[in-house]
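Asks: okay, predicted coordinates and the sequence, questions at the end:
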Amino acid sequence: MAMRHGRALSIAVTVVLWIYFVGAFLIGYWLLFLGAGIVRGRRGLAWAVRSYARGFIAVLLRTLPRVRLQVPQRSQLQLTRGSVVVCNHLSFLDPLLLLSLLPGTITIVRPDFFRVPVFGWLLLGAGFLGPDLFAEGRPWIDRVGRRLQSGDNLLVFPEGTRSRDGSLAPFKKGAFYLAQQLAAPIVVLRLAGTDRVFPPGRLTFNATANNSIEVRQLASISAAEASAATTSELVTRVRSTLESQ
């Protein structure tokens, strides 16, 4: 009986969250995107995406009262600017959570997202990137460089996929190559607990989860250090940091 109740509650919570994710936009949130885009252009759209993500996380925490969000260095994260932010990847919840916490942040999204009417246009307008970031060579790198120089952050999950058991998958080198080429600082974050709230391979949120979601900043690598190191050295250093803490 308890298991059946937990499953029903999980389905109900999932429905509520999807209603927010889709319904809030259709009902009126698109006006915020439109106004922000008209007034502030790309930066306005990026701000609207962050606001939307913050709303989603707020609804999630309200509907899952036994889940606690712990961000010990929240004020420090909110001051992050012009950095390549790398983090382990546990759940589809991770990008929304980090977009809600980090200012002026863009990330790399799946190409099919750009084909979704309206949503895809907003992602493009806000400056989000596709996984073919390096397909056209230097122009893409320079584009990212301009965003970093303007104070925006680039969020990358170097594993490229969600972990199924919490251990780190092999890293892709793209984020570290960008940081080295552009002499950009690297901020290393570690996520814990999102996989218990929205587990990989499941379509429903876990309403029976009684745990904390934690976001911690483990380390930062200065622009000078990133520029002086090789891509492989940066990969090794960041991976070692994530594995040791």
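Replies: Right, received. Where do you want to start? Numbers count the residues shown, from 1 in each chain.
Asks: quick one: the helices in this structure?
Replies: 2-18, 30-63, 74-78, 93-101, 119-126, 138-149, 174-182, 194-197, 223-228, 231-244 (DSSP state H).
Asks: would you list the ones you listed in CSV and tack on distance to Glu159 and mean pLDDT?
Replies: Where you see a C-beta, it was placed from the backbone N, CA and C, and this is true even at glycine. Formatted as CSV, these follow (distance: least, Cβ to Cβ, whole Å; pLDDT from 0 to 100):
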stretch, distance to Glu159, mean pLDDT
helix 2-18, 25, 79
helix 30-63, 21, 84
helix 74-78, 20, 91
helix 93-101, 11, 94
helix 119-126, 21, 75
helix 138-149, 20, 81
helix 174-182, 11, 92
helix 194-197, 13, 94
helix 223-228, 20, 97
helix 231-244, 10, 95
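Asks: count residues in the vicinity of Leu69, would you?
Replies: Leu69 sits with 17 neighbouring residues when counted by other Cβ atoms under 10 Å.
Asks: what sits against the nearest residue to it once chain neighbours are set aside?
Replies: Take Leu69 and drop its neighbours on the chain: the residue closest to it by Cβ to Cβ, 6 or more residues apart in numbering is Ile213, 5.1 Å away. Residues in contact with Ile213 (Cβ atoms under 8 Å, 6 or more residues apart in numbering) are 67-70, 97, 191-194, 197.
Asks: go again using 10 Å as the cut-off
Replies: By Cβ atoms under 10 Å, 6 or more residues apart in numbering, the residues touching Ile213 are 57, 60-61, 64, 67-71, 90-91, 93-94, 97, 191-198.
Asks: Val238 is in contact with Gln245, isn't it?
Replies: No: under the criterion of Cβ atoms under 10 Å, Val238 makes no contact with Gln245, lying 11.6 Å away.
Asks: neighbours around Asp152, how many?
Replies: For Asp152, using other Cβ under 10 Å, the count is 21.
Asks: returning to that earlier point: overlap in contacts, Val238 and Gln245.
Replies: Common neighbours of Val238 and Gln245 (Cβ under 10 Å, 6+ apart) are 188, 218-219.
Asks: could you tell me which of the residues you listed are located in strands?
Replies: Judged by DSSP state E, the shared contacts of Val238 and Gln245 include 188, 218-219 as members of strands.
Asks: which of these are buried?
Replies: Buried members of these, scored by 16 or more other Cβ atoms under 10 Å, are 188, 218.
Asks: ok, the ones in strands among the shared contacts of Val238 and Gln245 vs Arg162, which is closest?
Replies: Lowest distance from Arg162 to those (Cβ to Cβ) belongs to Val188, with 18.3 Å.
Asks: verify the stated contact: the closest one with Leu218.
Replies: Yes: contact criterion Cβ under 10 Å: Val188 and Leu218 qualify, at 4.7 Å.
Asks: what is in contact with the two at once?
Replies: Common neighbours of Val188 and Leu218 (Cβ under 10 Å, 6+ apart) are 86-88, 238, 241-242, 245.
Asks: how confident was the prediction at Ala169?
Replies: The model reports Ala169 with a pLDDT of 90.
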